[in-house]
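*Asks:* Have a look at this fold, sequence not included:
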Ligand code: 5AD
Ligand code: SF4
């Protein structure tokens, strides 16, 4: 922690960077460190410090005895993983988890800021908690995650959601015991958000969701500053974990019997760029991880700009590195990509895809696309459609552009009506559905390997799991198959999933997946 953060963390010491419009001085008696997007944009040269000395302060032990917590998580896997850490800290404090919000003593919303509708969901949810708070004023309600890093959100909560007791950000999750302690003591809203990223703390407790698949952070933050994106402001500068810490964590998960690891970062291909003592990048990490005896390793999410030849070479070696790559393109128009500051052209992207397909002929590619970026013309949108066909993606996550306050794109004057954007999204989604159905057809009659995760959501008599290429497969099998990699013969290929017949548990050999 640097001096500034230490000060920010200091109880009873308000540090008003951006005062809200109204006079909220009654809140100042307690922790009041609100976010500032202007500060969040800064990228300092100072080195990142690594710590492994996290422990729950003697004062706070037992704080959660006879109390329960409920966490609702919105957004990406990074948030899901942060929730595992938050749950780990709460359990360390003596709280018990519950799935029933009405019986919780602490309710936390781990929020996502990526699009306006993600934020609206959170505000809607907060509205539902008002009666709970009125019924039981001792319940603590907290907002954390990416939305907490935005000034406008904190001001809105202060103005309209007085049921909220605490707001903390993405950089100071480890301070949760202090924040809770303060919230119990104070009648006022506790706001503790750091605009500047913190150090890397290695030994935070985690309660993982399930024992089959696990997330492993490899880096935090993003320095790409795509002009539409709020993430570089909410998650801070790029900071890579040290290779030995990641390798040790994956080894440990392997020895605990986990079958699949997803490496997490906002832009995993930038891994290691911030090391100045070692030349060790994402390709090197993948080379080291592929030697660990764990069946599957994936990563999300990557940026085409940093996807280098060494990484392709390592991925082509296969083994436990799955042949599915999620490679967000965002647009098929070089002009739009330029205004998005993606720093690659349509041609660069297609060339990268060519290289990947050459090295990994069986590769499955999926992507993210934003439709209706400010002033996107029909021709530019058609370039996205044609690129989609040319690459032959299996699946895409498609979004209508959502202006995010504080980002450069939000200041652009946009002359494209929402109706036009919606119509484009529909057309793109039709193409995505058609190609997904096409990609599924060849599976009929084939045998695939499936990592069985549990009962199907729709039918408890049926088990469900995913192939290496992330295809959902439903089939009937004994429950003892859960957590194992099994062979399934595909009997029906649908647009988004496959149905099949269970054959048996895979030992070590590989079949088509
Ligand atoms: N509007 C719409 N979609 C966005 N994404 C990121 N920012 C925005 C925004 N402002 C999408 C991108 C990214 C995915 C995680 O979310 O496609 O890859
Ligand atoms: Fe956002 Fe671009 Fe960073 Fe992805 S690479 S998190 S889209 S700024």
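*Replies:* That came in fine, so what should we check first? The structure presented is a predicted model; accordingly, all values stated were derived computationally and were not measured. Ligands and ions are numbered 1, 2, ... in the order given.

*Asks:* And for the residue in the stretch 401-513 of the chain that ligand 2 sits nearest to, the neighbour number?
*Replies:* With C-beta to the nearest ligand atom, the shortest gap between the stretch 401-513 of the chain and ligand 2 falls at residue 407, namely 9.0 Å. In this view, the C-beta of every residue, glycine as well, is placed from N, C-alpha and C. Number of residues near residue 407 (other C-beta atoms under 10 Å) recorded here: 20.

*Asks:* what do you get for the one 4 residues further on?
*Replies:* Residue 411 has 11 neighbours, counted by other C-beta under 10 Å.

*Asks:* Mind listing residues that contact stretch 316-327?
*Replies:* 286, 289-290, 292, 294-298, 300-302, 304, 307, 314-315, 352-353, 356, 359-360, 362-368, 468-470 (C-beta atoms under 8 Å, 6 or more residues apart in numbering).

*Asks:* show me which of these neighbour ligand 1.
*Replies:* Contacts with ligand 1 are made by residue 368 out of these, judged by C-beta under 6 Å from any ligand atom.

*Asks:* Filter the contacts of stretch 316-327 down to the buried ones.
*Replies:* Among those, those scoring as buried are 286, 289-290, 294-298, 300-302, 304, 307, 314-315, 352-353, 356, 359-360, 363-367, 468-469 (criterion: 16 or more other C-beta atoms under 10 Å).

*Asks:* coming back round to it: so which of the contacts of stretch 316-327 sit within helices?
*Replies:* 286, 289, 314, 315, 352, 353, 356, 359 (DSSP state H).

*Asks:* tell me which of those residues is nearest to residue 424?
*Replies:* Distance to residue 424, by C-beta to C-beta, is smallest for residue 353 among the ones in helices among the contacts of stretch 316-327, at 22.5 Å.

*Asks:* number of nearby residues for the closest residue in space to that closest one that isn't next to it in sequence?
*Replies:* Nearest residue to residue 353 in three dimensions, chain neighbours excluded: residue 391, at 5.3 Å (C-beta to C-beta, 6 or more residues apart in numbering). Residues lying near residue 391 (other C-beta under 10 Å) number 22.

*Asks:* where does residue 391 land on pLDDT?
*Replies:* In this model, residue 391 is scored at 98, pLDDT.

*Asks:* Angles on the backbone of it, please.
*Replies:* phi -70, psi -40 (degrees, to the nearest 10).

*Asks:* ok, it - contacts?
*Replies:* 329, 350, 353, 365, 367.

*Asks:* pretty sure the fourth one contacts residue 356?
*Replies:* Yes - under the criterion of C-beta atoms under 8 Å, residue 365 is in contact with residue 356, at a separation of 7.3 Å.

*Asks:* how far away is residue 127 from residue 458?
*Replies:* 30 Å (C-beta to C-beta, to the nearest Å).

*Asks:* between the two, which one's more packed in?
*Replies:* Legend: neighbour count by other C-beta under 10 Å for residue 127 and residue 458, higher for residue 127 (12 against 9).

*Asks:* in which helix or strand would I find that one?
*Replies:* helix 116-135 (DSSP states H and E).

*Asks:* which of the residues in that helix are buried?
*Replies:* So, applying 16+ other C-beta under 10 Å, buried residues of helix 116-135: 118, 119, 121, 122, 123, 125, 126, 129, 132, 133.

*Asks:* of all the ones in helices among the contacts of stretch 316-327, which two lie farthest apart?
*Replies:* Among these, 289 and 353 lie farthest apart (C-beta to C-beta), at 23.8 Å.

*Asks:* if we can go back for a sec, from the buried residues of helix 116-135, which is closest to residue 338?
*Replies:* Nearest to residue 338 among the buried residues of helix 116-135, with distances taken as C-beta to C-beta, is residue 118, at 26.5 Å.

*Asks:* So for the longest helix along the chain, what gets flagged as buried?
*Replies:* Criterion DSSP H: the longest helix present in the chain is helix 418-440. Neighbour-count burial for helix 418-440, counted by 16+ other C-beta under 10 Å, picks out 421, 424, 425, 428, 431, 432, 435, 436, 439, 440.

*Asks:* what about the helices in the stretch 101-250 of the chain?
*Replies:* Here the stretch 101-250 of the chain has its helices, by DSSP state H, counting those that start in this stretch, at 116-135, 151-160, 176-185, 231-235, 243-255.

*Asks:* now the last one: mean pLDDT?
*Replies:* In this model, helix 243-255 has an average pLDDT of 97.

*Asks:* Counting by contacts, list what that helix packs against.
*Replies:* Contacts defined by 3 or more C-beta pairs under 8 Å, 6 or more residues apart in numbering; DSSP states H and E place helix 243-255 against strand 213-217, strand 260-264, helix 282-289.
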